[in-house]
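Novice: I'll drop the sequence and a predicted model, then ask my questions.
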Amino acid sequence: MKLLLSAISALAVAASAQAADQVKLGIIFGFTGPIESLTPAMAAAAELAAREVSDSGMLLGGATVETVRGDSTCVDSAAATSAAENLITVDNVNAIVGADCSGVTGAILQNVALPNGIVMISPSATSPGLSSVEDNGLFFRTAPTDARQGQLMSEIVMERGFSSVALTYTNNDYGKGFADSFESAFTAAGGTITASLAHDDDKGDYSAEIASLDAAGGDALVVVGYVDQGGQGIIRASLDSGSFDTFVLPDGMHGDSLTDAFGSNIDGSFGTLPGTDSLGASMLGEIAENAGIDGGSPFVSEAYDAAALLLLAMQAANSAASADIKNEIMNVANAPGEQIFPGELAKGLEILAAGGDVDYVGGSAVELIGPGESAGNYAIREIQNGEFVTVEYR
């Protein structure tokens, strides 16, 4: 009987390999736009996971993995939708890592992924609104929602003695969702928001916005924006006018381009970024460094983990079809099962091929809850001597 079952299993694996000699992952990030300095490392991390799986020769009986990039622009929903359509209809990807920014992620999900039945995992779309969007079980994210981050950032601001702050946010889903979360938590804790003002990301001059925020006052300026465009422009206008010199920075504002631009002029500024000091984070940092990738760059762990989850779910489903993959993502992401860390994807594939269970931990201490999103771990970072320094984790 055991021999018969083994033969049937071998035939099933062989059939799967024949049907999927190659699988394709689309990687759609804002390679141009307001976070363009962050996305090369994110994409390289996702491609690192894909290469690790492909080189193992163990996916679906020996299928190779090809990655195809698309540009979400981060902010242009029409361009993002077009890029995603191209990935699906021209490149024939089996699943998508991305998108990155919340607005374009929602647009791709509703306009492209849902109609085509393509599963997607975003490593960085954090809008609370994505938690309740209709997705037919196709959308997941390895980044936690800003409903949690806004609460945490409020706590950090209060702990540091800032009871009165001005707030500006990028005028899109990410900015509005984060601003609402932070403002609600901060005022509930007894803090005062002196002004709450939206800003656009394509302006060359933010002096008018800063004048309004400065007139309202505040001990610091909370900048919910993007590191390569509007958020950086807001800080530059503030420093030029002498309005604020301490800035509170959520995840979209963490990047070397910010410290390269302002150095120690913004020392003492601080904020939050998804991150963990787990064993997996250290392992991924080493693997990434060996591959020439900045493992400490924002959302690198989450991007590697998004690709890894999709490929492990394929193995668990014994299928490269999104309709099957989506049903296995929560299973491979959570207990029970043997824990799998960065660099151990071949081990995970082997266990799944033998009918076992895995609990993928990855680089971001993956634990998916509710509608398929990260439970959330955060690094608290501060700018010291012109550089981002992690001072604690929560």
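Specialist: Now that the structure is in, tell me what you want to look at.
Novice: got the domain ranges for this protein?
Specialist: The record, using automatic domain parsing to delimit domains, assigns the chain the ranges 2-145+278-374, 147-275+377-393.
Novice: deepest of those domains, which one?
Specialist: Per-stretch averages of neighbours, counted by mean count of other C-beta atoms under 10 Å, single out domain 2-145+278-374 among the domains of the chain, with a mean of 21. Any C-beta I mention is one placed from the backbone N, CA and C, and that applies to glycine too.
Novice: re the thing from before, would you convert the domains of the chain into TSV that also reports mean pLDDT?
Specialist: Listed next are the domains of the chain as TSV, based on pLDDT from 0 to 100:
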stretch	mean pLDDT
domain 2-145+278-374	93
domain 147-275+377-393	97
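Novice: ok, Glu289 touching Ser297?
Specialist: No - using C-beta atoms under 8 Å, Glu289 makes no contact with Ser297, being 11.3 Å away.
Novice: tell me the spacing between the closest residue to Cys101 other than its chain neighbours and Ile35.
Specialist: Among residues not flanking Cys101 along the chain, Cys74 sits closest, at 4.1 Å (C-beta to C-beta, 6 or more residues apart in numbering). Separation of Cys74 from Ile35 (C-beta to C-beta, to the nearest Å) stands at 5 Å.
Novice: so what sits against both of those two?
Specialist: Listed as contacting both Cys74 and Ile35 by C-beta atoms under 8 Å, 6 or more residues apart in numbering are 100-101, 226.
Novice: just the residues you listed now: which is nearest Ser154?
Specialist: Using C-beta to C-beta, Tyr226 comes nearest to Ser154 of the shared contacts of Cys74 and Ile35, at 20.9 Å.
Novice: that closest one in helix, strand or coil?
Specialist: Tyr226 carries the three-state label coil when classified by DSSP: H, G, I helix; E, B strand; the rest coil.
Novice: so who does the closest residue to it other than its chain neighbours touch?
Specialist: Spatial nearest neighbour of Tyr226, excluding adjacent residues (C-beta to C-beta, 6+ apart): Pro34 at 3.3 Å. Residues in contact with Pro34, defined by C-beta under 8 Å, 6+ apart, are 74-75, 170, 201, 225-231.
Novice: distance to Ala320 added to those residues, as TSV?
Specialist: What follows is those, written out as TSV (distance: C-beta to C-beta, whole Å):
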residue	distance to Ala320
Cys74	28
Val75	31
Thr170	37
Asp201	37
Gly225	38
Tyr226	34
Val227	35
Asp228	35
Gln229	37
Gly230	39
Gly231	39
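Novice: identify, from these, the entry nearest to Leu258.
Specialist: Of all those, Leu258 sits closest to Val227, with 5.1 Å by C-beta to C-beta.
Novice: tell me the phi and psi of the residue nearest to the closest one when sequence neighbours are not counted?
Specialist: Nearest residue to Val227, sequence neighbours excluded (C-beta to C-beta, 6+ apart): Gly255, at 4.0 Å. Dihedral pair for Gly255: phi -180, psi 150, per degrees, to the nearest 10.
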